[in-house]
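Peer 1: quick one: sequence and predicted model below, then my questions.
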Amino acid sequence: MKKWIGALLAVLLIGLLVAGCGSAGKKKIVIGLDDNFPPMGFRDDKNDIVGFDVDMAKEAAKRIGMEVEFKPIDWNSKEAELNGKRVDVLWNGLTITDKRKENIAFTKPYMENHQIIVVNTNSTVKAKADLAGKVIGTQDGSSSVEAIEAEPDVMKSFKELKKYGDNVAALMDLKAGRIEAVVVDEVVGRYYIAKKPGEYVVLSDHFGAEEYGVGLRKDDKELLGKLQKSLDEMKKDGTSATISQKWFGADIVK
């Protein structure tokens, strides 16, 4: 009996030691993103995932002592990916909306963004009213769609709202003349326009302002608190401003 009890205790002790070693190691945050959303998150010439949000996430994770993995997902199914626990965080220019708040938790806003209207330089479209009877492009599943739908009278005036898998394809069709305007996140639109000087124009009219936040599962309160603390510290010590300057040429962090 004593030998049996001793053996059992040995097994339990080994189990506890193994569990202890596992918890002492670095944990990992899996971040879901659209890897074709420059400058927030995209693949560079070496096929590495880079971008403003990528740099922000790496720094925030480092401050809480966690590793980070970036996992490209179907952005149109982002909430299902998060709540299905295939990713831990959505961090890729995710707009905070009341509808999304029903299913996911958000950090405080870290950036304000507008839904801008981009046209070709020689376009006759000069204002939102000029979109009537035109084919307008936007990214499917993006907050641009919600922003347009929030103005139903304007949307009904379109000849067609054409939805694309990503903003790159929409802007390419705009350049080719297959559509006549693109509604896109300001951070994305201005990033591309800076690369193609003289080709595009941003109208003064837009489809409203929005705020970006990091999305987590509602029951993941501990991680939410840690990430928020890191973001607050990064803003206070100027790290966020430095990252913003790198990607936008200005400090646009909220």
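Peer 2: Here it is on my side, so go on.

Peer 1: isn't there a strand covering Glu79?
Peer 2: No: per DSSP: H, G, I helix; E, B strand; the rest coil, Glu79 lies outside any strand segment and is helix.

Peer 1: wait, what's in contact with it?
Peer 2: By CB atoms under 8 Å, 6 or more residues apart in numbering, the residues touching Glu79 are 90, 100, 103-104. Glycine gets a C-beta too; all of them are placed from N, C-alpha and C.

Peer 1: go again with 10 Å.
Peer 2: Glu79 sits next to 32, 90, 99-100, 102-104, 215, 217 when contact means CB atoms under 10 Å, 6 or more residues apart in numbering.

Peer 1: and Phe248, by the same measure?
Peer 2: With contacts taken as CB under 10 Å, 6+ apart, Phe248 has the following neighbours: 39, 52, 111, 187, 190-191, 194.

Peer 1: how close does it sit to Leu131?
Peer 2: Going from Phe248 to Leu131 by CB to CB, to the nearest Å gives 27 Å.

Peer 1: right, and Lys71 touches Gly32 too?
Peer 2: Yes: between Lys71 and Gly32 there is a contact at 5.5 Å, judged by CB atoms under 10 Å.

Peer 1: what do those two both touch?
Peer 2: 81, 86-89.

Peer 1: of these, closest to Met56?
Peer 2: Distance to Met56, by CB to CB, is smallest for Val89 among the shared contacts of Lys71 and Gly32, at 11.4 Å.

Peer 1: name the nearest residue to that closest one, sequence neighbours excluded.
Peer 2: Among residues not flanking Val89 along the chain, Ile31 sits closest, at 4.8 Å (CB to CB, 6 or more residues apart in numbering).

Peer 1: now for that neighbour, how many residues are close by?
Peer 2: Neighbours of Ile31 under the rule other CB atoms under 10 Å: 24.

Peer 1: nothing else from me, thank you.
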